[in-house]
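In: Task: produce atomic coordinates for the following.
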Amino acid sequence: MVGEVYVKEKIWEYLMGHEVGIIGVCGIGGVGKTTVMKHIHNELLKKAIGFKKVVWVTVSHPLIVFRLQDDIAWAMNTSLSDCRDELSRSSRLMEAMQKVKYALILDDVWDKFTLHSIGIPEPTMENGCKIVITSRSIDVCNYLRCQVVKVPPLPEQESLNLFLDKVGQDVLRIPKLEKILKLMVAECAGLPLAIVVIAGSMRGVEDISEWRNALRQLHQCVVDTEKDSEDEIFKRLKFSYDRLPNSSIQKCFLYCSLHPEDWNISRKDLIENWICEGIVEKLGSRREMHDKGNAILNRLLNCCLLEEAYNKACVKMHDVVRDMALRIKSTGPGRYMVKAGMRLTKIPDEDEWNEDLDKVSLMENEISYIPQNMSPKCLMLSTLILEGNKELRIIPGCFFANMPLLKFLDLSKTGIDVLPNSICNLEYLTALILCECKHLKGMPSLSKLKALKKLDLDEAGLREAPEGIEMLENLEYLDLFCPNMRVPPRGKISKLFCLQYLRLFPIEIRGEEVTRLEMLEWFEGRFDLLKNFNSFVSKLNHFGEPHHYSLKVGDINKEEGHFGEFNKNDFPKLVILIRCKIGEEDQFVLPGDLQDLRIEYCNAASDISIFQKDPTQLQTCALKYCQRIVCVVSLSSSSSTSLTVMNNLEVLTLEGLSDLRDVVKVEKTRASLAPTISPHIYSNLKQLGVLNCSKLKKLFPCELLQGQGLQNLELIEVNGCDEMEEIIGWEEEEEGNQTTTPILITLPKLRRLDLNYLPKLKRICPERGVMVCESLNSIKINVCVKVKRIPFCLGRKNTQPSLPAVECISILNPKKWWESLEWENPDDKIVLLPFLKYNGF
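Out: Sure, this is the predicted structure:
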C-alpha cells in the first residue's frame, strides 16, 4: 500500500539516522499505527542492525507507571521487585538501560509523561538509542518532543483492495454490486480497522438487496460524524456490531470487554463463562454448549470483531474495538463498570456503584482492602469479577447485602482465607469461582445455594469439601482439585445427579459413586483400588460416557506431576497406573476409546499384552520404572487385538525398565527361518523414546521395516542404555546362506536421531545396511565411542551428494572418533561438515 509504504520508509529513515531520537507515529484509532509498527519491529529483529535490545511495550490506559516500568524491566532482563517507589524503580531501570543500545517501541500511549519519571534514558547521537511511540494524540507526541509521522487514511484503491481481501474476491461476480461496493468502501473513510471489520460483517452476503440495505444503514451510522474524531471509527465499528445476527451473539461479544486491554482470553474459559451466565442457551449436553460457544467465537472472528491469539487457543480484542464495546455498555440499562487491569489499589468508591449496573469487572488489579462497612447498592448486578486481586484477604459480610440478583461471582486468584457467611444469601447465584485461592481455609455451608450450577475450587487451599454440597441439586460443574484436601466427600458426590463435569484430587472416589452420575461428560479423578476403577470403566465402555476423562489408579503423589498438566476443560482420554500390581491375578479392562496410557512403578507382566480388552484408539503409551517387563510386545504371544493397539500407536516412551530386552520380540516359525512379523506393526508410530533401559541390546529388528512398519517415525531418542549394541538389528540367516547384498533401510519421515550415553553401541544399523532418511534434519551422537560407521546415504544430483533437510549434527565424542568414522560415501562427510556442532573431548 502506497501510504503505508511511505510511513514505514519515513519511520525507518529516522530510526537509521542520527538526527531524530524520538519518533511519534500519530493518527486516529483504527488507522493502522500498531500494524505499521509491528512490521517495523519485526524488521528490526530480523535485520539485527546494531540495537542490542528491541523492546515492544503496550502502554496501559490510563498510564500506570509501575506497570510500564515492570514491562520495560522484564524486556531488559532486570528486576524491580525490591524497589518500592517510582523514584528508586526509575533509577534502577535507568541504570540498566544506559548499558545497552536499545530501540524502544511504546504502543498506544494516551497520557503525557517524562522519560526520566519512568527511567528511560534520553536518546542521543552518542548512545544511538531510539524511541517510537504510537498515539492518537498529537499533544502527547509534542509533549515528548517527537518527530511526528502521521499515518493517513488509505486512498480509495487501497481501501477497495483491502475490503475485497477481507470480504472475498467472489463478491465481484455478483451483478450490479461494484457501485454499491465502492460506496460502502468510501463510507469506511480509509480506516483499515473499519474496512476489515465491516468487510468481515459482509462476508458471505450474496443478495444485492442486503448489500443496499447495509449501505443505507452504514451511511446513517456515520452521517454528521466529525472528521478525525473518535466517533469516526466507533460509529463504523458499531455498524458491524449491529449486524450481528442476534442479541445472544452481541452479548457474547460485549462480554469479552470485561477483560483487561490487550488480554489473551482463553477460548474455553470464555465459553464456560458464557454457559454459566446463560448467554449460551441451555442444550442437551455440555459438549453441545461448548460447540455452540465455539460457533459463536468463530462468527466473531470471521467478522473481525475478535482476533486469534496464542496459537488459536485464545482470542483478544483490538483496543479500539474494546473501546467501542465499553462505550455501548456505558449507558442505558445493563451497564458495565470495567476497571480491569488498571492496577487499582483500592476498590472504587461506593458512589461509583450505580443501582442499574449489570456487570462489574475489577479483575487483575492490586486491590487489597474493602472497607468493613462497604455495601454497594447494586440491585440489578448479575456479574462481579474480582479475579487476580492477589492481596485481597477479607471481604466484609455486608458487601453482598445489596446485590440480591448476583448470579456470577469470580473471586479466583485472590488471597481470601474465609468466605463471608453472607454468600449463603445469594439465592440466585449460579456460579462461584474460587480457582487458585490458595489461602482459602474455610467456607460457610452452601446448602442454601439451590440455584448454584458451577462450583470451581481448582487449586484452592481447602482441606475438606465444603459443607452442604450434597444439597446442590442443580450443580452441573464441580472442581475439587484441591491439593491440600484430605477428607473425601463420602456419599455426597453421588447425590449430584446433574453433574456434567467433575474433578477430584488428591482424594479418591469409589467407582459406584461415579457410575450413578448419568449426565457426566468430563471426569478427572483417582481410584485407589482396581475394583473401583473397573466398576467405572465397565460403565464407560457400556454407555460411552463421559466423553473426556483422565483416570488415575494407585498411590499417586501430587509432586509427581500427574494431575493438572492439561487444560481443565480439555482432558485427554488418559489412564495412569502407578504402583499397581498388574498381572494374571490383577486383570482389568481399559476404556475402549483410550488415547493415552501410562504405566509407572508397577510390577507388570512380561509384556503389555495383559488386558482383557485392549484400546484400539491408543495414540500415546509410556512405560516407566516397571519391573518384570521383558518385552513391549511379543509376536509369538500377542493377540491380534493387542497388535492392533501397536498399529495405531503414535508415541511410545520406555524409561527405567530394568528387565526390558525387546521392544518387539520376533519369533521364527518352524517352517521357515524367516521371522514372523505383522506388516503393519508400529505403522503409525511417530516418536520413540527409550531411556535408561539397562538390559536392552537392540532397539528393533530390521524386519520391522518390511511392509509399512515405522514408515511414519519422526523421532528416535535412545539415552543411557548401558547394554545397547545396535539400533536396528538383523537376524542373520544360517551360516553359508549369508549374502553381501546391501540392506536398504528407508525411514522417509525421520527428522531427529538422538543417541546419548550408549557406551556399548556398535552399529546404528547392520553392516550391510544403508539408511535413506530424506527428512532427517538433526543427528545427535553423544558418548557413543564404539560406533564406527555412519550409514546414512545422502541423495545424489548429477553424481554429487545433495543435502536432505539436515540442519544440525551435534557430536559429544573424542575428536579422533569423528575423524575415524566410516561413511557410506566419503563425499557425504565433506558435505555435512558445515552443519557440524562439535563438542569433542
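In: Leaving out sequence neighbours, find the closest residue to Leu426.
Out: Closest residue to Leu426 apart from its sequence neighbours, by Cβ to Cβ, 6 or more residues apart in numbering: Leu406 at 5.2 Å. (Glycine included, C-beta is placed from N, CA and C.)
In: Give the helix, strand or coil label for the one you found.
Out: coil (DSSP: H, G, I helix; E, B strand; the rest coil).
In: hang on, isn't it packed against Ser382?
Out: Yes - counting by Cβ atoms under 8 Å, Leu406 touches Ser382, with 6.5 Å between them.
In: residue contacts, the residue nearest to Leu426?
Out: If you count contacts by Cβ atoms under 8 Å, 6 or more residues apart in numbering, Leu406 has them with 381-384, 400, 426, 428-429.
In: Contacts made by stretch 705-720 with the rest, please.
Out: Stretch 705-720 is contacted from outside by 650, 677-692, 699-700, 704, 724, 727-728, 745-758, 775, using Cβ under 8 Å, 6+ apart.
In: Could you work out the end-to-end span of it for me?
Out: 24 Å (Cα to Cα, to the nearest Å).
In: Around Leu649, how many other residues sit close by?
Out: Leu649 is flanked by 23 other residues according to other Cβ atoms under 10 Å.
In: oh sorry, the question was meant for Gln372
Out: Residues contacting Gln372 under the criterion other Cβ under 10 Å number 11.
In: That one and Pro396 touch, don't they?
Out: Yes - Gln372 lies in contact with Pro396 (Cβ under 8 Å); the separation is 4.9 Å.
In: For Glu366, pull up the helix or strand it's in.
Out: Secondary structure assigned from DSSP states H and E places Glu366 in neither a helix nor a strand.
In: Surely it and Met342 touch.
Out: No - using Cβ under 8 Å, Glu366 is not in contact with Met342, being 9.4 Å away.
In: Next, the residues that contact stretch 520-536 from outside, please.
Out: Stretch 520-536 has contacts (Cβ under 8 Å, 6+ apart) with 285-287, 481, 499-512, 514-515, 545-556, 563, 569, 571, 580, 586, 588-589.
In: at 7 Å instead, please
Out: 285-287, 499-506, 508-512, 514-515, 545-553, 556, 571, 580, 586, 588-589 (Cβ atoms under 7 Å, 6 or more residues apart in numbering).
In: Next: stretch 38-54.
Out: With Cβ under 7 Å, 6+ apart as the test, stretch 38-54 has contacts from 8, 11-12, 56, 75-76, 100-103, 105, 128.
In: Next secondary structure element downstream of the helix or strand harbouring Ile716?
Out: Element membership of Ile716 [criterion: DSSP H and E] is strand 715-719. Following strand 715-719 in sequence order, the next helix or strand is strand 726-729 (DSSP H and E).
In: The stretch 501-650 of the chain: strands as residue ranges?
Out: Secondary structure of the stretch 501-650 of the chain (DSSP state E, counting those that start in this stretch): strands at 501-508, 522-527, 548-554, 574-578, 596-600, 620-624, 631-634.
In: Now render these as a markdown table, adding mean pLDDT and distance to His18.
Out: Below are the strands of the stretch 501-650 of the chain laid out as a markdown table (pLDDT from 0 to 100; distance: least, Cβ to Cβ, whole Å):
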| stretch | mean pLDDT | distance to His18 |
| --- | --- | --- |
| strand 501-508 | 88 | 60 |
| strand 522-527 | 89 | 60 |
| strand 548-554 | 88 | 60 |
| strand 574-578 | 90 | 60 |
| strand 596-600 | 90 | 59 |
| strand 620-624 | 92 | 57 |
| strand 631-634 | 81 | 67 |
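In: Can you add mean neighbour count and distance to Lys33 and give these back as JSON lines?
Out: Output for these, formatted as JSON lines (neighbours: other Cβ atoms under 10 Å; distance: least, Cβ to Cβ, whole Å):
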{"stretch": "strand 501-508", "mean neighbour count": "22", "distance to Lys33": "43"}
{"stretch": "strand 522-527", "mean neighbour count": "23", "distance to Lys33": "43"}
{"stretch": "strand 548-554", "mean neighbour count": "24", "distance to Lys33": "43"}
{"stretch": "strand 574-578", "mean neighbour count": "22", "distance to Lys33": "46"}
{"stretch": "strand 596-600", "mean neighbour count": "21", "distance to Lys33": "46"}
{"stretch": "strand 620-624", "mean neighbour count": "19", "distance to Lys33": "46"}
{"stretch": "strand 631-634", "mean neighbour count": "21", "distance to Lys33": "58"}
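In: Nearest to Ile811 among those would be which one?
Out: strand 620-624 (28.7 Å; Cβ to Cβ).
In: Please name every helix or strand in contact with that closest one.
Out: strand 596-600, strand 651-655 (3 or more Cβ pairs under 7 Å, 6 or more residues apart in numbering; DSSP states H and E).
In: Quick check: which of those strands is nearest to Cys793?
Out: Using Cβ to Cβ, those put strand 651-655 closest to Cys793, at 26.4 Å.
In: Can you identify the element that follows that closest one toward the C-terminus?
Out: Next along the chain from strand 651-655, counting by DSSP H and E, comes strand 662-665.
In: The next helix-or-strand element following that following strand pairs with which strands?
Out: Using DSSP H and E, the helix or strand that follows strand 662-665 towards the C-terminus is strand 687-691. Strand pairing for strand 687-691, using DSSP bridges, gives strand 651-655 (parallel), strand 715-719 (parallel).
In: Find the nearest non-adjacent residue to the residue nearest to the spatial centre of the chain, please.
Out: Centroid-nearest residue in the chain, with Cα atoms, centre = their mean: Ala313, separated by 5.3 Å. In space, and not counting its chain neighbours, Ala313 is closest to Arg267: 6.1 Å by Cβ to Cβ, 6+ apart.
In: Which single helix of the protein contains the most residues?
Out: helix 286-302 (DSSP state H).
In: how far is it from where the chain is centred?
Out: How far helix 286-302 lies from its chain's middle: 18 Å, per Cα atoms, centre = their mean, to the nearest Å.
In: likewise stretch 463-477?
Out: 30 Å.
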